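Trainee: Next comes the sequence, and after it the predicted model I'd like to discuss.
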Amino acid sequence: MIGRLNHVAIAVKDLAASTALYRDTLGARVSQPLPQPDHGVTVVFVELPNTKIELLEPMGADSPIAKFLERNVDGGIHHICYEVDDILAARDRLKAQGARVLGSGEPRIGAHGKPVLFLHPKDFCGTLVELEQA
Ligand code: CO
(Lines give C-alpha, C1' and ligand atoms only; values in the text may rest on other atoms or scores of the structure.)
Protein backbone atom coordinates (compact mmCIF):
# COMPACT_ATOMS: atom_id res chain seq x y z
CA MET A 1 0.00 0.00 0.00
CA ILE A 2 2.64 2.57 0.92
CA GLY A 3 4.79 3.89 -1.89
CA ARG A 4 7.77 6.18 -2.02
CA LEU A 5 9.40 7.79 0.98
CA ASN A 6 8.30 11.40 0.50
CA HIS A 7 10.32 12.98 3.28
CA VAL A 8 11.93 12.62 6.67
CA ALA A 9 11.15 15.52 9.01
CA ILE A 10 13.73 16.59 11.58
CA ALA A 11 12.78 18.96 14.39
CA VAL A 12 15.45 21.58 15.07
CA LYS A 13 15.87 24.41 17.54
CA ASP A 14 17.91 26.65 15.27
CA LEU A 15 16.78 26.54 11.67
CA ALA A 16 19.56 28.81 10.37
CA ALA A 17 22.30 26.71 11.97
CA SER A 18 20.70 23.44 10.83
CA THR A 19 20.28 24.75 7.28
CA ALA A 20 23.93 25.79 7.22
CA LEU A 21 24.92 22.31 8.43
CA TYR A 22 23.04 20.62 5.60
CA ARG A 23 24.16 23.15 2.99
CA ASP A 24 27.80 23.70 3.97
CA THR A 25 28.88 20.56 5.83
CA LEU A 26 26.79 17.97 3.99
CA GLY A 27 26.73 19.84 0.67
CA ALA A 28 22.99 19.55 0.09
CA ARG A 29 20.68 21.83 -1.87
CA VAL A 30 18.42 23.69 0.57
CA SER A 31 15.40 25.97 0.14
CA GLN A 32 14.67 29.32 1.68
CA PRO A 33 12.85 29.11 5.03
CA LEU A 34 9.11 28.77 4.48
CA PRO A 35 6.81 29.86 7.33
CA GLN A 36 3.76 27.62 7.70
CA PRO A 37 1.62 29.27 10.34
CA ASP A 38 -1.19 26.72 9.86
CA HIS A 39 1.20 24.00 11.00
CA GLY A 40 3.07 26.05 13.63
CA VAL A 41 6.44 25.56 11.99
CA THR A 42 8.97 27.15 9.69
CA VAL A 43 10.35 24.64 7.19
CA VAL A 44 13.49 24.34 5.11
CA PHE A 45 13.39 21.68 2.39
CA VAL A 46 16.61 19.79 1.79
CA GLU A 47 16.47 18.36 -1.72
CA LEU A 48 18.18 14.99 -2.11
CA PRO A 49 18.26 12.98 -5.34
CA ASN A 50 15.77 10.39 -4.06
CA THR A 51 13.81 12.14 -1.31
CA LYS A 52 13.58 15.25 0.85
CA ILE A 53 14.56 16.13 4.38
CA GLU A 54 12.40 18.76 6.07
CA LEU A 55 13.97 20.79 8.83
CA LEU A 56 11.18 21.98 11.15
CA GLU A 57 11.62 24.85 13.57
CA PRO A 58 8.78 25.59 16.00
CA MET A 59 6.82 28.78 15.47
CA GLY A 60 5.94 29.82 19.02
CA ALA A 61 5.39 27.84 22.21
CA ASP A 62 2.13 26.28 20.95
CA SER A 63 3.86 24.65 18.02
CA PRO A 64 3.18 20.90 17.74
CA ILE A 65 6.94 20.31 17.77
CA ALA A 66 7.74 22.48 20.81
CA LYS A 67 7.09 19.59 23.23
CA PHE A 68 9.15 17.24 21.09
CA LEU A 69 12.11 19.61 21.35
CA GLU A 70 11.71 19.81 25.12
CA ARG A 71 12.28 16.05 25.23
CA ASN A 72 14.86 16.00 22.44
CA VAL A 73 17.03 18.99 23.20
CA ASP A 74 19.44 18.39 20.30
CA GLY A 75 16.58 17.97 17.85
CA GLY A 76 15.70 14.65 16.24
CA ILE A 77 13.69 12.77 13.68
CA HIS A 78 10.08 13.85 14.19
CA HIS A 79 8.26 11.84 11.53
CA ILE A 80 8.60 10.04 8.24
CA CYS A 81 6.21 10.47 5.34
CA TYR A 82 5.15 7.75 2.93
CA GLU A 83 3.15 8.33 -0.21
CA VAL A 84 -0.14 6.56 -0.84
CA ASP A 85 -2.32 6.63 -3.95
CA ASP A 86 -5.63 6.99 -2.12
CA ILE A 87 -5.51 8.43 1.38
CA LEU A 88 -9.09 7.57 2.32
CA ALA A 89 -8.68 3.96 1.24
CA ALA A 90 -5.39 3.82 3.15
CA ARG A 91 -7.02 5.26 6.28
CA ASP A 92 -9.93 2.85 6.17
CA ARG A 93 -7.63 -0.13 5.69
CA LEU A 94 -5.39 0.95 8.58
CA LYS A 95 -8.32 1.61 10.93
CA ALA A 96 -9.78 -1.78 10.08
CA GLN A 97 -6.47 -3.26 11.23
CA GLY A 98 -6.56 -1.38 14.52
CA ALA A 99 -4.13 1.45 13.75
CA ARG A 100 -4.88 4.80 15.33
CA VAL A 101 -5.21 7.84 13.10
CA LEU A 102 -4.41 11.08 14.92
CA GLY A 103 -6.72 14.08 15.15
CA SER A 104 -10.20 13.96 13.65
CA GLY A 105 -9.27 11.12 11.32
CA GLU A 106 -10.03 13.32 8.33
CA PRO A 107 -7.14 14.26 6.00
CA ARG A 108 -5.75 17.78 6.30
CA ILE A 109 -3.89 19.74 3.68
CA GLY A 110 -0.22 19.26 4.48
CA ALA A 111 2.96 21.19 3.84
CA HIS A 112 2.91 20.40 0.10
CA GLY A 113 -0.73 21.29 -0.53
CA LYS A 114 -1.78 17.62 -0.58
CA PRO A 115 -4.00 15.67 1.84
CA VAL A 116 -2.15 14.08 4.75
CA LEU A 117 -2.88 11.98 7.84
CA PHE A 118 -0.73 11.07 10.82
CA LEU A 119 -0.62 7.64 12.46
CA HIS A 120 0.06 6.99 16.13
CA PRO A 121 3.76 6.28 16.79
CA LYS A 122 2.92 3.51 19.28
CA ASP A 123 1.36 1.54 16.43
CA PHE A 124 4.35 1.97 14.09
CA CYS A 125 7.59 1.02 15.83
CA GLY A 126 7.76 4.21 17.86
CA THR A 127 7.74 6.42 14.77
CA LEU A 128 5.20 9.08 13.92
CA VAL A 129 4.09 8.27 10.35
CA GLU A 130 2.62 10.76 7.93
CA LEU A 131 0.74 9.53 4.88
CA GLU A 132 0.51 11.86 1.91
CA GLN A 133 -1.66 11.31 -1.12
CA ALA A 134 0.81 11.47 -4.00
CO1 CO B 1 5.81 15.93 7.00
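Mentor: Everything's here; your move.
Trainee: which ones are touching Ile53?
Mentor: Shown in contact with Ile53 (CB atoms under 8 Å, 6 or more residues apart in numbering): His7, Val8, Ala9, Ile10, Tyr22, Ala28, Phe45, Val46. No exception for glycine: its C-beta is placed from N, CA and C like everyone else's.
Trainee: swap that for Ile65, sorry
Mentor: Here Ile65 is in contact with Ala11, Gly40, Val41, Leu56, Pro58, His78 (CB under 8 Å, 6+ apart).
Trainee: and the closest residue in space to the third one that isn't next to it in sequence, what helix or strand is that in?
Mentor: Meaning Val41. The shortest distance from Val41 to any non-neighbouring residue, by CB to CB, 6 or more residues apart in numbering, is to Leu56 (4.6 Å). Leu56 is part of strand 52-58, with elements assigned from DSSP states H and E.
Trainee: Name the residues of stretch 42-61 that are buried.
Mentor: Residues 42-46, 52-59 are the ones in stretch 42-61 that count as buried (16 or more other CB atoms under 10 Å).
Trainee: Within reach of the ion, which of the contacts of Ile53 are there?
Mentor: Among the contacts of Ile53, the residues lying close to the ion (CB under 5 Å from the ion) are Ala9.
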